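Enquirer: Dropping the sequence and predicted coords here.
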Amino acid sequence: MKFIKTIFALLLVFLVSIGAIQFVAAQDMPFEGVTVNVLSFAGPQVTEPLLRRGPDFEALTGANIEVTTVPFAELYTSILTDQTTGTNSYDAFVMSPQWNADFVAAGILEDLTERVANDADIEWDDIAPFFRNYIATYNDSIYVIPLDGDFHMVYYRTDLFEEAGLQPPRTWEEYLAAAAQFNGQDLNGDGEADYGSCIPKVRQGQSFWWIIDFASGRLQSQGTGQGLFFDLDTFEPLFGPNPAFLQALELFNETTQYGPADELTLDLNSTRDLFLTGRCALTMDWGDIGSLSIDPERSTVQDLVGTVVIPGATEVLDRATGEMVACDETTCPYAIDGINYAPFAAFGGWGGGVSSAAEPEVKDAAYAFFSYLNQPAQSNVDVTIGASGYNPYRLSQFESLDPWVEAGFSEAAAANYLGAIEGSLSSENMVLDLSIPATNRYLQVVLDTTVSQYLAGELSAEEAAQQIYDQWNEISDEIGREAQHAAYLASLGISTSE
Amino acid sequence: MENRIAQTTSQLGGTLRRNEIKSNFRQNLFQRQGGSPRTVLLLPAILIVLFLSIFPLIISLFLSLARVNFVRGGINIDFVGLSNYEKLLFGSQQRHLLGRFSELTLPGWVIVIAVSGAMLYWLYRYITGTNRTVAGAFFRLIGAILTTLLVWICVSTLSNDGLPGTMVVTLIFVFVGVSIQYGIGLMLAMLLVQNLPGKRFFRIVFLLPMMITPVGIAFLFRMLTDTHVGPFAPFWVSIGLQNFSWVESAAGARAAVLIGDIWQWTPFMFIILLAALEGTSRDQLEAALVDGANRIQIFRYVILPQIAPVSMTLILIRLIEAFKIIDIPRILTGGGPGTATESLTLHAYIEWRSPNLGGSAAVSYLLLILVTFVALMFVNVIRQKVVEKL
């Protein structure tokens, strides 16, 4: 009898222990058995941190993170059609903030405001105000968790510029002069002629953003609120037959002379590799080049890369008269040494959005995953890894050079790189990317196709400018001109500081 | 009791009558279908296939007349009439679809006048023929006008200052591609119909490209056409062409797409033509040889007439298929440089992706009309003539 009692007691202890372990595990594993299907960009950059950090998050929370990728050109449509047709194959998306207007209007995105407010680990105030407001917030609610901060910048080879006694380019004319000087020289010591400038210009890639850089300094001079794409009063497109945009087209076209012969078919990864293997003196890119340049597996130009904000212009468009006017205190109030800089927050940065159609526990898990990626412990490391595709967006990422030096930067290179980003971020004349309904049609279809036609010689600069102007007006009229005008004005009301 | 018996009898009579009617109906149904139940049994499958084929056609026709907006909880469809077509044919998208027209050069005029003359002659032959009908004359008149118009668009946009749109680019891919595929396919088939050593091996080798997915072929050619890091890079360097690319120009890029397409689809032509050649009558060949015909005469008067029906069907199938080209230009060139290699299907895809579902459906419908028109003209004009003549 005593033996049986002992057996029962042991069994009881065993069962209680199992229950306790399960209880503790359940406490520790809040998303045990929950699968989150995330749709992302087939970079491999941008998705790399999801794949690398996913297993860690799974071990911490019990959630199962499944990542599906599609090419950039298909990401917008994939999310839109999946969610609006009720297919709902995906629970969360890594997406562009430019799509917030369309996705919020279509009811695709879950409002994350409350979750962010209750999440101390995310350290929301540490995210730079611009990214907090531009990427994350739409109509005063938070819909997207920032994962990346994006600006276009110009990268140059410090060794070549020092040797030639040149200063980094301040205007596009200086950029072209330097590109012409280095083009055809052997820049990496392999005995082959190399290139002055490498810019990805393939159609249906991400190349339509570069023409915006060439236009920014000539079209926007009165601060961020002036906007780059449309006239504030009439909503007439500024990308059209005006001297500023025509000059931008011609300057952009001229860079092709100093690039590889197949530049019109090169995508972003191709030009990155050309620059990182020492074959180009200059390139334009997001912040990725900085962190990729220290990767010994991919780069032969470690510590030889300088970064500057996007070059500016000494003349700007007078929107009232349609003429170019020289920069002075009135026409270019934010000019530095007579040059109007308008750094372009191209794309804005990748962010994570949660599907409003997902199950409640999946929404919680998806939010927790994006929060985990965003938290300083993870993101402060990820932004120093070139393969991540993520660039700095937290204030703490600019404060200390230590993580950058630990990652492989020299102190001078890290200071130069972060200085260029900070310079762009703090500019009062920063250019906001277009973020209104049908942004994709304005930029990825009309601008991309037309600029590609112009670069291929199918259209003259005047024809290209007129085509963009006409087709942008057509899209605005189709969707509703007044509504688009209002959305544009609202998008420029975004605060870039506290 | 009597009432109940009467009621039961009446019920039984009713049941018998119903069974009789059912039986008659079945009999009638089978009799109407030629007395065979096969057609009736096939009917559900046919209806399902018809539904699956016709339903998307109707929906896409409706979409092509509408503007689709994505709104909370689904999509909002606004009927806009022919606005999407108007935009493509006469409005802002005309240059994209049809191209930029230019003054015709002298050779251009010669081509347009020759085609119009041929069309007039074709109409004249029909009208003065014995089997003429009003409907036949009407449809031939439409066919003649459209053919002349198509030729004028092609010649005008391919002239000096012209710029071919996606429709003309597609027509180039279709007609140049299919012609070369047929020519090479026939040559290879003629070669392998001989008793050469390694015949079986080459048959399999020649078929391999057809078994590769088109996207794979596009990536393969993307690598081959890369003059900097592709396998031919050392060759280009050795002849002093370091910074050079032959796919940067419109003609080069179109040639690259065509080479990929020809490489992929020549095996299809080859295998069917080989079967046709192997099925030709040996008696006629031997008779021609005995009569002293040379090789060219044998090919022209003995072989070609025998493979003509197969060839015409083969070309028709490939023509229809070739109009849908998208994979190779999408991957190899992205439709560029500019719009030099953008086919109609790629055009529709880019519109769909924007997302402009109405515009995309309109492009697709124009493609459907073009394919149907070319196929009908091919069947009614070329195929008939060739088969009759040979």
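Expert: Yes, it's here.

Enquirer: Now do the contacts for A:G62.
Expert: Each residue near A:G62 by C-beta atoms under 8 Å, 6 or more residues apart in numbering or on different chains is listed here: A:28-34. C-beta coordinates here come from the backbone N, C-alpha and C atoms, glycine included.

Enquirer: now B:V229
Expert: By C-beta under 8 Å, 6+ apart, the contact list for B:V229 is empty.

Enquirer: next one: the one 4 residues further on
Expert: By C-beta under 8 Å, 6+ apart, the contact list for B:A233 reads B:226-227.

Enquirer: got the phi/psi numbers for it?
Expert: phi -50, psi -50 (degrees, to the nearest 10).

Enquirer: try A:E162
Expert: phi -60, psi -50.

Enquirer: Output the below-cut-off pLDDT ranges for the chain.
Expert: As the question left the chain open, I've gone with chain A. Residues of chain A meeting the criterion pLDDT under 70: A:1-4, A:8-27, A:493-498.

Enquirer: could you do chain B instead?
Expert: Those would be B:1-36, B:387-390, if you go by pLDDT under 70 across chain B.

Enquirer: Chain A contacts on that one?
Expert: B:67, B:70-75, B:87, B:91-92, B:95-96, B:163, B:226-228, B:242-245, B:247-248, B:250, B:333-340, B:350-356 (C-beta under 8 Å from any C-beta of the partner chain).

Enquirer: what's the helix or strand that A:P55 is a member of packed up against?
Expert: Secondary structure from DSSP states H and E places A:P55 in helix A:48-61. Helices and strands touching helix A:48-61, by 3 or more C-beta pairs under 8 Å, 6 or more residues apart in numbering or on different chains; DSSP states H and E, are strand A:64-70, helix A:360-374, helix A:376-382.

Enquirer: still on that earlier bit, and the contacts of A:G62 as TSV, adding neighbour count and distance to B:R203?
Expert: Listed next are these as TSV, based on neighbours: other C-beta atoms under 10 Å in any protein chain shown; distance: C-beta to C-beta, whole Å:
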residue	neighbour count	distance to B:R203
A:D28	11	64
A:M29	17	60
A:P30	15	62
A:F31	22	57
A:E32	14	58
A:G33	10	55
A:V34	21	55
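
Enquirer: Just the closest of the residues you listed to chain B, please.
Expert: Chain B has its nearest neighbour among the contacts of A:G62 in A:V34, at 25.3 Å by C-beta to the nearest C-beta.

Enquirer: List the residues that contact the closest residue to the closest one other than its chain neighbours.
Expert: Distances taken as C-beta to C-beta, 6 or more residues apart in numbering or on different chains place A:A365 nearest to A:V34, at 4.6 Å, with adjacent residues excluded. By C-beta under 8 Å, 6+ apart, A:A365 lies in contact with A:31, A:34, A:36, A:61, A:63.

Enquirer: One more: A:P343?
Expert: A:151-153, A:216, A:309-310, A:423-424, A:427, A:429-431.

Enquirer: follow-up on the earlier one: quick one: buried ones out of the residues of chain B next to chain A?
Expert: B:67, B:70, B:75, B:87, B:91-92, B:95-96, B:163, B:226-228, B:243, B:245, B:247-248, B:250, B:333-340, B:350-356 (16 or more other C-beta atoms under 10 Å in any protein chain shown).

Enquirer: Just the ones in helices from those, please.
Expert: Within these, residues falling in helices by DSSP state H are B:87, B:95-96, B:250, B:350-353.

Enquirer: so B:Y126 sits right up against B:L141, yeah?
Expert: No: if you go by C-beta atoms under 8 Å, B:Y126 and B:L141 don't touch, sitting 9.4 Å apart.

Enquirer: Please point out which parts of stretch A:36-49 sit buried.
Expert: A:36-41, A:43, A:45-49.

Enquirer: ok, back up a step: can you flag which of the contacts of A:P343 belong to strands?
Expert: A:153, A:309, A:431 (DSSP state E).

Enquirer: Nearest to A:T331 among the contacts of A:A365?
Expert: For those, the closest approach to A:T331 (C-beta to C-beta) belongs to A:V36, at 51.2 Å.

Enquirer: Confirm that that closest one sits in a strand.
Expert: Yes: judged by DSSP: H, G, I helix; E, B strand; the rest coil, A:V36 forms part of a strand.

Enquirer: about what we covered before: show me which of the ones in strands among the contacts of A:P343 is closest to chain B.
Expert: Using C-beta to the nearest C-beta, the ones in strands among the contacts of A:P343 come closest to chain B at A:V431, 23.2 Å.

Enquirer: partner residues bridging the spatially closest residue to B:V80 that is not a sequence neighbour?
Expert: Ranked by C-beta to C-beta, 6+ apart and with sequence neighbours excluded, the top spatial neighbour of B:V80 is B:R67, at 5.0 Å. Per DSSP bridges, the residues bridged to B:R67 are B:D78.
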